[in-house]
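Chemist: I need the structure of the sequence given here:
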Amino acid sequence: MLSRVAENLYWMARYIERAEDTARLLSVNSHLMLDLPRHLPLGWAPLIEMTGTLEAFNERHSSFDERSVVHFLCADSQNGSSILAALASARENLRTTRDVVPREIWEEVNQLYLSVAEHAENGVSPRRRDAFLKSVICGCQTLTGLIEGTLSYGPARTFIKLGRHLERADMTTRIVDVRSASLLPQNPEELLPFENLQWMSVLKSLTAYQMYRQQVRLRVRGPDVLRFLLQDPNLPRSIACSLEMVGHELQLLPRQDRVAATVSLVRADVVDADIQALAHSPSKLHAFVDELQIGFAAIHDTLSATYFVNSDGLPRGQIQSQNHAGESDND
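Modeler: Numbering: from 1, shown residues only. Take a look at the predicted model:
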């Protein structure tokens, strides 16, 4: 497989996962705002912090009102983290490499983008938002199912799964950071009656609430939620599980030693984290998440340098599965 093709598939998967996770965030926040009293200072600004687009948002909007934030994250084509822009990028990355995947995958990506492009503006309104976001989530999950059920095991599938799980781990850290720290009111007594709702919103943002209740079997509490989302080895969206999947997929590729070592270091930091200390100190949790973000960037940079481009920007050539040929063929 050409490194250009591998890179396009990797980014396609990241953009699909980004679109789905952004839709989840908007949906959960919309419901949370209905459940909490109006006087609590929660608002919509935390969603901009989660997606790391504060500077771009401030360039085009003067306040963090509901309509501005929802439009920015749903339908703003200039915001690379919006649902519309993410699906457009996923479509473009797959368009040039669609011959390596079953036709149904390309058709689903194309149809999902066209549907979102047609209805994104309508999806900003509160009345139609829920149906719009559900359609985005369902479309992204359909794509994941098509990939899992139709794409042969090989380099194409490997790079798609690398992109998906790295993006998923990245988004989980952002949600944990902002939802459990920055989003909380400064006065703990003011929050106390609504603490369960807050932590439930963290779980629901990752569709992890029911799994939490089944596996933890305790009421929703901050330390238990953090432990579940950071360290649980069986929850698909936990950071430890996502990094485990990245490490597993890397074993199928040649020249994976450096990348795999980086993944192992980051995962060890997650597994060995002192959850009690993090749960009782927002500043420690924020610093810990910052370190994880740096680790994810290091994984991406090492992966990119190994498989996508040389230091001079030229393609590395072909990437073959280690099961078929121990090393790649250079141009």
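Chemist: residues contacting residue 279?
Modeler: 222, 223, 226, 285 (CB atoms under 8 Å, 6 or more residues apart in numbering). To be clear about C-beta, it is placed using only N, CA and C from the backbone, and glycine gets the same treatment.
Chemist: just give me the neighbour total for residue 33.
Modeler: The number of residues packed near residue 33 is 16, by other CB atoms under 10 Å.
Chemist: what average pLDDT does the helix or strand harbouring it get?
Modeler: Element membership of residue 33 [criterion: DSSP states H and E] is helix 3-35. Model confidence over helix 3-35 averages 89 on the pLDDT scale.
Chemist: one more: stretch 72-89?
Modeler: pLDDT averaged over stretch 72-89 gives 93.
Chemist: make TSV out of the contacts of residue 279 and add neighbour count.
Modeler: Below are those laid out as TSV (neighbours: other CB atoms under 10 Å):
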residue	neighbour count
222	19
223	14
226	21
285	22
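Chemist: report the two of these separated the most.
Modeler: In the contacts of residue 279, two members sit farther apart than any others by CB to CB. They are 223 and 285, at 11.0 Å.
Chemist: circling back to that earlier point, turn the contacts of residue 279 into a markdown table, columns for pLDDT, secondary structure and distance to residue 96.
Modeler: Below are these laid out as a markdown table (pLDDT from 0 to 100; DSSP: H, G, I helix; E, B strand; the rest coil; distance: CB to CB, whole Å):
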| residue | pLDDT | secondary structure | distance to residue 96 |
| --- | --- | --- | --- |
| 222 | 81 | helix | 45 |
| 223 | 85 | helix | 47 |
| 226 | 91 | helix | 41 |
| 285 | 87 | helix | 41 |
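Chemist: between the residues you listed, which sits nearest residue 150?
Modeler: Taking the contacts of residue 279 together and measuring to residue 150 by CB to CB, the closest member is residue 226, at 36.5 Å.
Chemist: and that closest one, how far is that from residue 140?
Modeler: 26 Å (CB to CB, to the nearest Å).
Chemist: now the helix holding residue 33, how far from the centre of its chain.
Modeler: On the basis of CA atoms, centre = their mean, to the nearest Å, helix 3-35 sits 6 Å off its chain's mean C-alpha point.
Chemist: give the other helices and strands that it contacts.
Modeler: When contacts are defined as 3 or more CB pairs under 8 Å, 6 or more residues apart in numbering; DSSP states H and E, helix 3-35 packs onto helix 45-51, helix 66-74, helix 83-95, helix 103-123, helix 126-150, helix 155-177, helix 195-205, helix 282-307.
Chemist: contacts only, for the closest residue to residue 96 other than its chain neighbours.
Modeler: Nearest in space to residue 96, with sequence neighbours left out and distances taken as CB to CB, 6 or more residues apart in numbering, is residue 8 at 6.2 Å. By CB under 8 Å, 6+ apart, the contact list for residue 8 reads 93, 94, 96, 97.
Chemist: next one: phi and psi at the third one?
Modeler: Translated: residue 96. Reported as degrees, to the nearest 10, the phi and psi values for residue 96 are phi -80, psi -10.
Chemist: for the last one, same thing?
Modeler: Its backbone dihedrals place residue 97 at phi -130, psi 20, with angles given as degrees, to the nearest 10.
Chemist: same check on residue 217?
Modeler: For residue 217, the backbone dihedrals are phi 60, psi 30 (criterion: degrees, to the nearest 10).
Chemist: what do you get for residue 101?
Modeler: phi -120, psi 160.
Chemist: now do the contacts for it.
Modeler: Going by CB under 8 Å, 6+ apart, the list of residues near residue 101 reads 9, 94, 147, 151, 156.
Chemist: same question for residue 141.
Modeler: Per CB under 8 Å, 6+ apart, neighbours of residue 141: residue 20.
Chemist: about what we covered before: can I get the buried part of the contacts of residue 8 as one ChimeraX selection?
Modeler: To isolate the buried ones among those in ChimeraX, judged by 16 or more other CB atoms under 10 Å, type:
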select :93,94,97
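Chemist: could you measure from the spatially closest residue to residue 95 that is not a sequence neighbour over to residue 77?
Modeler: Spatial nearest neighbour of residue 95, excluding adjacent residues (CB to CB, 6+ apart): residue 106 at 7.6 Å. Per CB to CB, residue 106 is found 21 Å from residue 77.
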